[in-house]
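Enquirer: Fold the following and give me the result.
(one chain, ligands or ions: 2)
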Amino acid sequence: MIKIAPSILAADFSKLAEEVKEVEAAGAELIHIDVMDGHFVPNITMGPIVVEALRPVTNLPLDVHLMIENPDAYIEQFAKAGADYITVHVEACRHLHRTIQLIRSFGVKPGVVLNPHTPIEHILHILEDVDLVLFMTVNPGFGGQKFIHSVVPKVKQLSDVIKEKGLNIEIEIDGGINEETIIPCAEAGATIFVAGSAIFNTENREEALQRIKAAGESVLK
Ligand SMILES: O=C(CO)[C@H](O)[C@H](O)COP(=O)(O)O
Ligand SMILES: [Co+2]
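Expert: Ligands and ions are numbered 1, 2, ... in the order given. All right, here's what the predicted structure looks like:
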């Protein structure tokens, strides 16, 4: 099954609750929240108070993507604010196992994120401990960037490892996803797709979301 996670980074922040409700009604499966600190990435976005504000607005799981240095210092705040998934970059974690355990200790599903250039070997020894692996298909920091195709073979490589080991881990893709780029990623074994500009920068969000999802599902048939 293909799940679409609209990224609110591309939403209209002056009416964020309505934007989230609109994509929920349109068939979204998760809400993706991009947290940037101006250090790990060259942009600043939102913190736990936005997660807390959105928690009563939607029944969908809140997928919190931390693009921050020292994530350990903020995990409790994001967990208490209502995150369902917290994903951390392997490139930002000095003690990845400790960070993943910390996320789980708050009853939140942990995931690990790889930048486009990071090899999957960096996360092979944490697979047993995570619920999700997120592949960046743009360099993190901004919405609306172009999809980096060279990430796709890594997705297939990891998907094969997950199958071989019989693990129950979902693969999520983030960056430049639209009805074309979703296809090779779904073929490679990914099941959760973040889409920001391809959904929020359109007139008809429902149509955009459903077209992207249908394109992803078409390869599963
Ligand atoms: O993590 C991100 C950027 O760092 C965003 O989730 C991602 O860029 C989504 O936006 P778009 O679909 O417009 O590429
Ligand atoms: Co993201």
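Enquirer: list the buried ones in stretch 194-201?
Expert: Buried positions in stretch 194-201, judged by neighbour count with 16 or more other C-beta atoms under 10 Å: 194, 195, 196, 197, 198, 199, 200. (Each C-beta comes from the backbone N, C-alpha and C, glycine too.)
Enquirer: which residues touch the one residue in the chain that gets nearest to ligand 1?
Expert: Shortest the chain-to-ligand 1 distance, computed as C-beta to the nearest ligand atom: residue-wise this is residue 196, at 2.9 Å. Shown here is residue 196, whose contacts under the criterion C-beta atoms under 8 Å, 6 or more residues apart in numbering are 6, 7, 8, 9, 10, 32, 34, 143, 144.
Enquirer: Most neighbours among those residues, please name it.
Expert: residue 6 (32 neighbours; other C-beta atoms under 10 Å).
Enquirer: Ligand 2 versus that residue, what's the distance?
Expert: If you measure residue 6 against ligand 2 using C-beta to the ion, to the nearest Å, the figure is 11 Å.
Enquirer: A strand includes that residue, no?
Expert: Yes - residue assignment for residue 6, taken from DSSP: H, G, I helix; E, B strand; the rest coil, places it within a strand.
Enquirer: sorry, back to before: need the contacts of residue 196 in TSV with pLDDT, can you?
Expert: Output for the contacts of residue 196, formatted as TSV (pLDDT from 0 to 100):
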residue	pLDDT
6	99
7	98
8	98
9	98
10	98
32	99
34	99
143	98
144	98
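Enquirer: for this structure, what spans make up the helices?
Expert: Under the criterion DSSP state H, the chain carries helices at the ranges 16-25, 48-54, 75-81, 96-105, 152-165, 182-187, 197-200, 205-218.
Enquirer: Convert the C-alpha atoms of the fifth one to PDB, please.
Expert: Right, the one you point to is helix 152-165. Output of helix 152-165 as PDB, limited to C-alpha atoms (Å, rounded to 0.1, in the frame of the first residue of the first chain):
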ATOM      1  CA  VAL A 152      16.900   5.100  -6.200                       C
ATOM      2  CA  PRO A 153      19.500   2.300  -6.300                       C
ATOM      3  CA  LYS A 154      20.100   2.800  -2.600                       C
ATOM      4  CA  VAL A 155      16.400   2.400  -1.900                       C
ATOM      5  CA  LYS A 156      16.300  -1.000  -3.800                       C
ATOM      6  CA  GLN A 157      19.500  -2.100  -1.900                       C
ATOM      7  CA  LEU A 158      17.900  -1.400   1.500                       C
ATOM      8  CA  SER A 159      14.600  -2.900   0.400                       C
ATOM      9  CA  ASP A 160      16.400  -6.200  -0.500                       C
ATOM     10  CA  VAL A 161      18.200  -6.200   2.900                       C
ATOM     11  CA  ILE A 162      14.900  -5.700   4.800                       C
ATOM     12  CA  LYS A 163      13.300  -8.600   2.900                       C
ATOM     13  CA  GLU A 164      16.300 -10.800   3.400                       C
ATOM     14  CA  LYS A 165      16.300 -10.100   7.200                       C
END
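Enquirer: Could you give me the buried positions within that helix?
Expert: Across helix 152-165, burial judged by 16+ other C-beta under 10 Å covers 152, 154, 155, 156, 158, 159, 161, 162.
Enquirer: cool, and the third one?
Expert: Judged by neighbour count using 16+ other C-beta under 10 Å, the buried positions of helix 75-81 are 75, 78, 79, 81.
Enquirer: Much appreciated, bye for now.
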